[in-house]
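J.: Based on what follows, work out the 3D shape:
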Amino acid sequence: MKSSKEAFKLLAIVLWLTFTVTFAIWWFRLSGTHIALLAKLQPDEIEHWNRQYRMIFWEGGSWIVLLILGGAALIALVQRETWRVRRIREFFASFSHEIKTSLASLRVQAEALKEEQPSSPILERLIGDTVRLQLQLENSLFLASQDSIQLYLEPLTLQQMLERMREQWPSLKIELTKPCTVRADERALRTILSNLIQNALVHGGATEVVVDPKLKNGKVEIVVTDNGRGFDGPLKSLGRLFHRPKSSSGSGIGLYICRLLVAKMNGQMDVVKSPRGFQIQMILPGAAL
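T.: Purely as a prediction, here's the structure:
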């Protein structure tokens with residue numbers, strides 16, 4: 001399936017080709033009509049006007065042929081680029097799947113060793129790095145396929161999803177104020193919450209994250225707040241791809257992916273000022289408390 005950008009490029013090329021070829025044909029016919037009229041008005045110069053007509057014929061014909069060949073070349077280049085991008089995405093998806101499998105196996109083995117040595121800081125660091133790599137890989141997959149992301153919306157329980165995340169970030173207290181069921185894509189919502197929790201821990205130095213769902217105009221507003229350092233810069237700068245408001249800031253991919261996935265689920269996400277820490281507000285449709 002072609003993306004909307006690729007379809008737009010092809011449509012633009014076809015429209016340009018149609019307009020220019022039509023204009024060239026109109027010019028060709030108009031020039032021929034004028035030369036024929038001049039030949040009738042000046043019968044003594046008939047040979048001169050015949051030469052003029054042949055010149056117009058070859059110039060106009062060459063112009064039209066070049067326009068058609070140029071348009072065909074542009075279409076071929078767009079198709080080639082589309083094929084190349086598709087192959088790169090397929091390779092990246094296959095490669096990422098293999099890495100995800102290896103990381104999952106490494107994490108399971110590290111967690112098994114952690115049960116035998118619960119006080120080992122090396123194993124804790126290894127598990128944390130594995131979770132971080134898995135999240136970065138998931139972000140990269142969404143970023144690479146952002147033009148063709150297909151999400152499956154289904155009822156999901158926030159409580160069950162956060163229970164799994166408590167196991168991934170054992171040093172962080174994750175609290176849900178009330179039970180909530182949202183209609184969202186499981187992989188997308190898990191990625192969104194994981195990014196917010198990871199940012200709270202890494203960039204905010206938080207020890208607690210509170211997820212507070214509220215009913216709002218028939219939808220559910222999910223407010224995610226942490227007790228970290230927060231952000232004292234312009235909030236509009238957050239979530240821009242590869243934009244770093246500070247030297248200690250990340251690449252911005254996490255919040256960018258969060259905004260992208262929330263929008264793909266027909267929702268809205270905003271970063272708001274908070275008296276403490278960092279706060280995100282998400283509105284998801286078709287959800288219930």
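
J.: pLDDT score assigned to the spatially most central residue of the chain?
T.: Geometric centre of the chain, nearest residue: Gln146, 2.8 Å, by Cα atoms, centre = their mean. Looking at Gln146, its pLDDT stands at 74.

J.: what's the closest non-adjacent residue to it?
T.: Distances taken as Cβ to Cβ, 6 or more residues apart in numbering place Leu260 nearest to Gln146, at 5.9 Å, with adjacent residues excluded. Where you see a C-beta, it was placed from the backbone N, CA and C, and this is true even at glycine.

J.: from the middle of its chain, how far away would the longest helix seen in the chain be?
T.: In the chain, taking DSSP state H as the definition, the longest helix is helix 46-116. With Cα atoms, centre = their mean, to the nearest Å as the basis, helix 46-116 stands 18 Å off its chain's centre.

J.: can you give me the strands for the chain?
T.: 154-157, 173-176, 181-184, 208-216, 219-226, 268-272, 279-284 (DSSP state E).

J.: nearest to Ser119, of those?
T.: Each of those has some distance to Ser119 by Cβ to Cβ; the shortest is strand 173-176, at 19.9 Å.

J.: residues contacting the residue nearest to Ala39 when sequence neighbours are not counted?
T.: Nearest residue to Ala39, sequence neighbours excluded (Cβ to Cβ, 6+ apart): Trp49, at 4.0 Å. By Cβ atoms under 8 Å, 6 or more residues apart in numbering, the contact set of Trp49 is 35-36, 38-39, 42.

J.: okay, now Val209: neighbour count?
T.: 27 (other Cβ atoms under 10 Å).

J.: List the beta-bridge partners for it.
T.: Ile174, Asp226 (DSSP bridges).

J.: where does the protein dip in pLDDT?
T.: Across the chain, the ranges flagged by pLDDT under 70 are 1-4, 93, 96-97, 232-235, 237, 239-251, 286-289.

J.: please redo it, this time with the cut-off set to 90
T.: When residues are selected by pLDDT under 90, those of the chain lie in 1-173, 178-185, 187, 197-207, 214-221, 227-256, 259-260, 263-281, 283-289.

J.: one step back: and the residue nearest to the centre of the chain, how far from Lys5?
T.: Separation of Gln146 from Lys5 (Cβ to Cβ, to the nearest Å): 11 Å.

J.: do the same with Arg51
T.: Counting by Cβ to Cβ - Arg51 and Lys5 are separated by 49 Å.

J.: Which single one of the contacts of Trp49 is nearest to Val202?
T.: Nearest to Val202 among the contacts of Trp49, with distances taken as Cβ to Cβ, is Ile35, at 76.1 Å.

J.: Quick check: closest non-adjacent residue to that closest one.
T.: In this structure, Ile35 finds its nearest non-sequential neighbour in Tyr53, 4.8 Å apart by Cβ to Cβ, 6+ apart.

J.: Distance check, the one you found against Leu38.
T.: Tyr53 is 10 Å from Leu38, by Cβ to Cβ.

J.: Repeat that for Asn217.
T.: Relative to Leu38, Asn217 is positioned 73 Å away (Cβ to Cβ).

J.: Between the two, which is the more surrounded one?
T.: Using other Cβ under 10 Å, the more surrounded residue of Asn217 and Leu38 is Leu38, with 15 against 7.

J.: From Leu30, how far off is that one?
T.: In terms of Cβ to Cβ, Leu38 sits 13 Å off from Leu30.

J.: Ok, Thr207 next?
T.: Thr207 is 79 Å from Leu30, by Cβ to Cβ.

J.: cool, and Leu151?
T.: Distance of Leu151 to Leu30, given as Cβ to Cβ: 54 Å.

J.: The two: which is more packed in?
T.: Neighbours were tallied for Leu151 and for Leu30 using other Cβ under 10 Å; the higher tally belongs to Leu151 (15 against 11).

J.: my read: that one touches Arg183, true?
T.: No: counting by Cβ atoms under 8 Å, Leu151 does not reach Arg183; the two are 10.9 Å apart.

J.: So the protein: which segments form each domain?
T.: 1-148, 151-284 (automatic domain parsing).
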